[in-house]
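1. Coordinates for the following, if possible.
(chains A and B)
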Amino acid sequence: MKATILWELKQRRTAILWWTLGSALLACLILALYPSIRNQADQLNQALNSLPDGIRQLKTGGTNSVNVADPVAFLNANVFYSTLPIVWIILAITRGSAVLGRDEQNHTLELLLARPISRIRLLFAKGLSLIAEFAVVSVATVVLIALLAPAFKLHVGTGHLVVTALYTAAFSLSFGLIAFALQAASSLTRRAASAVAVIVGFGGYLLTSLSGLTHWLENPAELAPYHYFAPDKILRGEAVHGLDIYLVGIFIVTAVISYVGFRRRDIS
Amino acid sequence: MPASIITRELTKRYGNDPAVALDKLSFEIKPGEVYGYLGSNGAGKSTTIRLLMNFIQPTGGSATIAGFDVVTDSVEVKKHVGYLAGDVALYPKTTGHDLLNYLDSLQGGVDADYRRKLEKRFEAETHKPIGELSKGNRQKIGILQALMHRPDVLILDEPTSGLDPLMQEAFYDSIREARDRGAAVLMSSHNLAEAQRVCDRIGIIKHGKLVREQTMGADTELGKPVFHVTLADPKQLAQLKKSAHLSFLSQEGSNTALLQANGTIASALKDLSQFEIRDLLTQQISLEDEFLEFYGDKS
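-> From the prediction side, this is the model:
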């Protein structure tokens, strides 16, 4: 198992480096904007107040907070609700569909399954390598955010900042696990598995964000994972039971789907 | 000695396809035996191999390798098997050396000296990225990964595809070496001359069914010489057909016959010496003749 995880990380080392740099630099860039935004907070708050509720929720990260100078509101709206999850979800889905799917598509999976390693063990190793790759990218970004936030006068407790970033990483990874499970359990192509995960992830984001604009979207929005993603609450140290349940549930469900589906299916 | 590979009515259907990809296939391959598995494209060769490797699940029947069920004891089976896929897929960005190290760590029990010996025998370019290698050189890496742990059972799909004649010889040497240490070898091939040369027995598969099994060697039908005899006197042809040590195969024109020795060559020649012969050619029934019998006019 260790050999497979190390092999995957070695194969992906250049991509991991670029993803880490991209993700960390993007986060730094946004943090660096905070002093300027804080200086123009009155005008920006006024502008936000004039927007309809739904549009304002899109701009403020699913909340009705209109104080852009508030560090929590700023981090929520600009870092944790949209930018970082979007980047990380793209990474998670891309890798989730590829970590096993690429081997199957290129027929290198046969090379691995010809060894005395059970399908479940291989599946587990591939899943862990996905998590490991994602962890490298997200932890590096989290560390950088935690180090730089005070420098830009974003005074949020470091603990809350780290916990929020970890929740964001786990939430983003969950869509990668959906793609991984679909690919492992069926003969779905990588693109099809990615498409389903994208619909659940980004479709859910739009649904949740637009539910403030259109009343009839409120109930369907409750089905979207994004509905339960509330980084502003985590930044304030509040509990997010809905998100906890979603994360635990999705990890269990995707693990079961992957296990049951991959154990005996025909390899294409 | 129990057979190393046994299939019992092994059957495979794909999804809702009404056609049977493999229809109640039963055969056995003993330790120390090289079994050539022949058939046209789509006949069911790869399906058989993929079932044995547990890449796909059987619809019916069963198979064992080294005494282990290929479905329920797949991990145990893989400890005994060396596998080479047809048109082998490798990791193009990595070097052969790194890939073999990785597969070695998954397989376990690889003798480093033997691996080096194989690398030398096949003149494998293991320090270049695989993507930069020619098809033949990629095939060598594929062969190395199948042989390097000295498996008891070899399952090889078109193993010499892309190899030059020298490397084919090196491969045949490796197969003989494996056979001599008691390994069972299942080898699918389109190369009939190769099968005739390397295999102890062949099986011909057509439309998912095993239609013929044939032992190879000098004392078998394929090994016995065939005489192409042209008589000076056509009237003697009827008598020639009744020769005790010759089996009549076919007639060409009024005075030429094709006959196969059914005993020793000496006794066949003694029979022939009783006739006034204008021309005599000897040949052997080739595997190609056998193959075409099932895939030629009769198909």
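2. top helix in chain A by residue count?
-> Counting residues, the longest helix found in chain A (DSSP state H) is helix A:119-148.
3. same question, chain B
-> Max-length helix for chain B by DSSP H is helix B:165-180.
4. and that one, how far from the chain's centre?
-> Taking Cα atoms, centre = their mean, to the nearest Å, one finds helix B:165-180 lying 13 Å from the centre of the chain it belongs to.
5. got it, and stretch A:9-28?
-> For stretch A:9-28, the distance to the chain centre is 15 Å (Cα atoms, centre = their mean).
6. For my notes, confirm residue A:10 occurs in a strand.
-> No: secondary structure assignment (DSSP: H, G, I helix; E, B strand; the rest coil) places residue A:10 in helix, not in a strand.
7. Can you tell me the number of residues neighbouring residue 232?
-> Because you didn't say which chain, this covers chain A. Here the number of neighbours of residue A:232 (other Cβ atoms under 10 Å in any protein chain shown) works out to 22. To be clear about C-beta, it is placed using only N, CA and C from the backbone, and glycine gets the same treatment.
8. Switch to chain B, please.
-> 11.
9. and it, what does it touch?
-> B:255, B:276-278 (Cβ atoms under 8 Å, 6 or more residues apart in numbering or on different chains).
10. separation between it and chain A?
-> To chain A, residue B:232 is 62 Å away according to Cβ to the nearest Cβ, to the nearest Å.
11. coming back round to it: among the contacts of residue B:232, pick out the one closest to residue B:121, please.
-> Taking Cβ to Cβ as the measure, residue B:121 lies nearest residue B:277 of the contacts of residue B:232, at 48.0 Å.
12. tell me the contacts of residue B:94?
-> By Cβ under 8 Å, 6+ apart, residue B:94 lies in contact with A:11, B:102, B:129-130.
13. Report the next helix or strand after the helix or strand where residue A:6 lies in sequence order.
-> Assigned by DSSP states H and E, residue A:6 belongs to helix A:2-11. Sequence order places helix A:13-39 as the next helix or strand after helix A:2-11, per DSSP H and E.
14. Compute the inter-axis angle for that next one and helix A:2-11.
-> 60 degrees (axes from the mean of the first three to the mean of the last three Cα atoms, to 10 degrees).
15. What residues of the helix or strand just after helix A:13-39 count as buried?
-> Sequence order places helix A:41-49 as the next helix or strand after helix A:13-39, per DSSP H and E. Under the neighbour-count criterion of 16 or more other Cβ atoms under 10 Å in any protein chain shown, helix A:41-49 has A:44-45, A:48 buried.
16. Distance from the chain centre to helix A:41-49, please.
-> Mean-position distance between helix A:41-49 and its chain equals 29 Å (Cα atoms, centre = their mean).
17. Pull out the CA atoms of it and give them to me as PDB.
-> C-alpha atoms of helix A:41-49 as PDB (Å, rounded to 0.1, in the frame of the first residue of the first chain):
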ATOM      1  CA  ALA A  41     -15.100  49.600   3.400                       C
ATOM      2  CA  ASP A  42     -17.800  52.300   3.600                       C
ATOM      3  CA  GLN A  43     -18.300  52.600  -0.100                       C
ATOM      4  CA  LEU A  44     -18.200  48.900  -0.700                       C
ATOM      5  CA  ASN A  45     -20.700  48.200   2.100                       C
ATOM      6  CA  GLN A  46     -23.000  50.800   0.600                       C
ATOM      7  CA  ALA A  47     -22.700  49.200  -2.800                       C
ATOM      8  CA  LEU A  48     -23.400  45.800  -1.300                       C
ATOM      9  CA  ASN A  49     -26.400  47.100   0.500                       C
END
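18. Just list what that helix packs against, helices and strands only.
-> helix A:53-59 (3 or more Cβ pairs under 8 Å, 6 or more residues apart in numbering or on different chains; DSSP states H and E).
19. so for the helix it packs on, what's the average pLDDT?
-> The average pLDDT for helix A:53-59 rounds to 69.
20. Same check on stretch B:263-273?
-> 85.
21. go on, stretch B:105-115?
-> Averaged across stretch B:105-115, pLDDT comes to 89.
22. ok, now stretch B:15-32?
-> 90.
23. Give the buried residues for it.
-> Buried residues in stretch B:15-32, counted by 16+ other Cβ under 10 Å: B:20-23, B:25, B:27-32.
24. Can you tell me which of the residues you listed is closest to residue B:160?
-> residue B:29 (19.1 Å).
25. how many neighbours does residue B:260 have?
-> If we define neighbours as other Cβ under 10 Å, then residue B:260 has 17 of them.
26. sorry, back to before: buried stuff in the longest helix of chain A?
-> Burial within helix A:119-148, assessed by neighbour count using 16+ other Cβ under 10 Å, is assigned to A:119, A:122-131, A:133-134, A:136-138, A:140-142, A:144-145.
27. Contact residues of the stretch 101-250 of chain B facing chain A?
-> B:102-103, B:105-108, B:145 (Cβ under 8 Å from any Cβ of the partner chain).
28. let's see it at 10 Å
-> For the stretch 101-250 of chain B, the contact set with chain A under Cβ under 10 Å from any Cβ of the partner chain comprises B:101-109, B:142, B:145-146, B:149, B:155.
29. Let me have these in CSV, extended by neighbour count.
-> CSV is the format used below for those (neighbours: other Cβ atoms under 10 Å in any protein chain shown):
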residue, neighbour count
B:101, 16
B:102, 22
B:103, 23
B:104, 18
B:105, 15
B:106, 21
B:107, 21
B:108, 11
B:109, 11
B:142, 27
B:145, 27
B:146, 25
B:149, 22
B:155, 27
